[in-house]
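*Asks:* Quick one: sequence and predicted model below, then my questions.
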Amino acid sequence: SSEMVQLNFRDVRERKAAEARILYLAHHDALTGLPNRALLADRLAVAIGHARRDSSKIGVLMLDLDHFKTINDSLGHHVGDELLEAVASRLRSCLRDSDTAARLGGDEFVIALSHLHSTADAERVADKVLTAFAEPFVIEGRNLHVGTSIGISMFPGDGEDAAALLQAADIAMYSAKEGRRSKWQVYSKELSAAAQRWHTLSNDIHDARARGELMIHYQPQLAVDTGTLMGVEALLRWQHPNEGLVSPALFIPLLEERGLIGEVGQWVLESACRQCSAWHAEGRPPIRVAVNVSAQQFYQDDIVAMVREALRAADLAPEWLELELTETLTLDESETTLRTMEELKELGVSLSLDDFGTGWSSLSYLRRFPLDRIKIDRSFVRDLTTQSSSAAIVHSILELARSLGLECVAEGVETAEQLSHLQR
């Protein structure tokens, strides 16, 4: 009798590839290809083990993008996705092969640094990231200027495991957001109370307007030579029942992150128009009112229709309304931006560029946009009489405004010496 051997062959390459793909996706972010939270936790656990053996340090940097929600909402999620991919690439370029950049979700990223000698090593990487972010991201032909706020925690001082280090870095990041954005902050135990305050205010801001806690203060604008009242700026303020008057530097970012800035901004616009019209009806000398417009309002909403309706409802002539565009809020130089500005000008309102000199593209804005006036940022005015560099900048801006036929407003003049300096 003969023996027969039957061999069955099956091509498993496709299944193996699919398994490898599933394993990859289980540990990596699908959009950016960076490690996800699970893989980051594994790598941090391994790094902590090595650090314990060789008495080295680990740095954890948590960061998110300043005003990312505004970009996502106004320019579209596809632009936001491309920006996140570009951010991932730029973060990789700042790191050593032994370091890990991970995406936790949304616009939140983490960098894990191993084999460090001191906190200063982590701070240097944070500075390197901020420098990298100083260059615009070119997305679909747009130059997007995106900053980042970074929180830093260290092993072993700030936590014994990955979860504790991430929590400490998160607290430090929110502390960085409270001040001027595009900065880093090292964790300390004192920051925990500040983080709790941030989260409390973040929850309370939701219904602040309904509770009557939001109000508008009007800051006068005077002619520098005669002292004549020329106009006022509508300033949003939050009177919190427990915290008192909350700084705009704190609650405006909260409104942006919570997606409330458009709704609240429209309320400020309508209220300011009604107030200005009421002053005129009382027989007072007519003055203009200036209202800040957020980038989210400018790009996402039909800002032209909104302004037209606010003027109509208040019975206010458009010449008495000025819209302030904040230079640091991601205005880009696209045709859409230019067309919207021109449509606003056709309504008869005036346009000004706020915080001039603090953003990225001041001179290109002046060249392209149909502006009526520029506002010198208060940081320059504050140091006008004490720092020669600030004085030189202010007078250069004044000369530039004159040469371009633009009016100029100096913010935050609080002393006779500052006023005298501007009158020269």
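*Replies:* Cool, the structure landed.
*Asks:* ok, and for the longest strand along the chain, which residues are buried?
*Replies:* As assigned by DSSP state E, the longest strand anywhere in the chain is strand 229-240. By 16 or more other CB atoms under 10 Å, the buried positions in strand 229-240 come out as 230-236, 238, 240. Bear in mind the C-beta positions are built from the backbone N, C-alpha and C, glycine included.
*Asks:* Stretch 92-106 too?
*Replies:* Of the residues in stretch 92-106, 94-95, 99-104 count as buried by neighbour count, 16+ other CB under 10 Å.
*Asks:* Same check on stretch 257-272?
*Replies:* Neighbour-count burial for stretch 257-272, with 16+ other CB under 10 Å as criterion, is recorded at 257, 260-262, 264-266, 268-272.
*Asks:* Which pLDDT value does the model give Lys128?
*Replies:* On pLDDT, Lys128 comes in at 94.
*Asks:* contacting residues around it?
*Replies:* When contacts are counted by CB atoms under 8 Å, 6 or more residues apart in numbering, Lys128 touches Cys94.
*Asks:* buried set for whatever helix or strand it lives in?
*Replies:* Using DSSP states H and E, Lys128 sits in helix 119-133. In terms of neighbour count (16+ other CB under 10 Å), helix 119-133 has its buried residues at 119, 122-123, 125-126, 129-130, 133.
*Asks:* Now tabulate those in JSON lines and tack on distance to Pro285.
*Replies:* Listed next are those as JSON lines, based on distance: CB to CB, whole Å:
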{"residue": "Thr119", "distance to Pro285": "58"}
{"residue": "Ala122", "distance to Pro285": "58"}
{"residue": "Glu123", "distance to Pro285": "54"}
{"residue": "Val125", "distance to Pro285": "57"}
{"residue": "Ala126", "distance to Pro285": "52"}
{"residue": "Val129", "distance to Pro285": "52"}
{"residue": "Leu130", "distance to Pro285": "47"}
{"residue": "Phe133", "distance to Pro285": "47"}
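*Asks:* Which one of the residues you listed is nearest to Gly147?
*Replies:* Taking CB to CB as the measure, Gly147 lies nearest Phe133 of these, at 6.0 Å.
*Asks:* Could you report the distance from the closest one to Leu91?
*Replies:* Between Phe133 and Leu91 the distance is 9 Å, computed by CB to CB, to the nearest Å.
*Asks:* got it, and Ser420?
*Replies:* 48 Å.
*Asks:* so where do the helices sit in the stretch 151-300 of the chain?
*Replies:* 162-178, 191-204, 248-257, 261-281, 295-300 (DSSP state H, counting those that start in this stretch).
*Asks:* Not counting its own residues, what contacts the shortest one?
*Replies:* Spelled out, that is helix 295-300. Around helix 295-300, the neighbours that count as contacts under CB under 8 Å, 6+ apart are 67, 69-70, 73-75, 256, 261-262, 265-266, 303, 306, 325-326, 329-331, 336-337, 340.
*Asks:* and it, what's its mean pLDDT?
*Replies:* 77.
*Asks:* report the angle between the axes of the helix or strand following that helix and helix 261-281?
*Replies:* Using DSSP H and E, the helix or strand that follows helix 295-300 in sequence is helix 303-314. Relative orientation of helix 303-314 and helix 261-281, computed by axes from the mean of the first three to the mean of the last three CA atoms, to 10 degrees: 40 degrees.
*Asks:* just checking, next helix/strand downstream of helix 303-314?
*Replies:* Next along the chain after helix 303-314, taking DSSP H and E as the criterion, comes strand 321-326.
*Asks:* so how far is that following strand from its chain's centroid?
*Replies:* Relative to its parent chain, strand 321-326 has a centroid offset of 18 Å by CA atoms, centre = their mean, to the nearest Å.
*Asks:* and if you look at stretch 159-173?
*Replies:* 23 Å.
*Asks:* got the buried residues for it?
*Replies:* In terms of neighbour count (16+ other CB under 10 Å), stretch 159-173 has its buried residues at 159, 162, 165-173.
*Asks:* and what of stretch 144-158?
*Replies:* 144-155, 158.
*Asks:* nearest to Ala401, of these?
*Replies:* So of these, ranked by how close each gets to Ala401 (CB to CB), first place is His145, at 22.6 Å.
*Asks:* low-confidence ranges in the stretch 251-400 of the chain?
*Replies:* Scanning the stretch 251-400 of the chain for pLDDT under 70 picks out 300-301, 327-334, 357-365.
*Asks:* Can you dump the C-alpha atoms of stretch 98-116 in CSV for me?
*Replies:* Extracted in CSV, the C-alpha atoms of stretch 98-116 (Å, rounded to 0.1, in the frame of the first residue of the first chain):
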residue,chain,number,x,y,z
SER,A,98,14.8,58.4,22.4
ASP,A,99,12.0,60.9,23.1
THR,A,100,8.3,60.3,22.5
ALA,A,101,5.7,62.7,21.1
ALA,A,102,2.1,61.5,21.5
ARG,A,103,-1.4,62.8,20.8
LEU,A,104,-3.9,62.3,23.5
GLY,A,105,-6.8,63.6,21.4
GLY,A,106,-8.2,66.8,20.0
ASP,A,107,-5.4,69.4,20.0
GLU,A,108,-3.7,67.9,23.0
PHE,A,109,-0.1,66.5,22.7
VAL,A,110,2.4,65.1,25.2
ILE,A,111,6.2,64.9,24.9
ALA,A,112,8.0,62.4,27.1
LEU,A,113,11.7,63.1,27.6
SER,A,114,14.0,60.5,29.2
HIS,A,115,17.6,60.5,30.6
LEU,A,116,17.4,64.1,31.7
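*Asks:* quick one: contacts of it?
*Replies:* Counting by CB under 8 Å, 6+ apart, the neighbours of stretch 98-116 from elsewhere in the structure are 29, 31-32, 34-37, 39-40, 43-44, 47, 50-51, 54, 56-65, 68, 84, 87-88, 91-92, 94-95, 121-122, 125, 129, 154, 166, 169.
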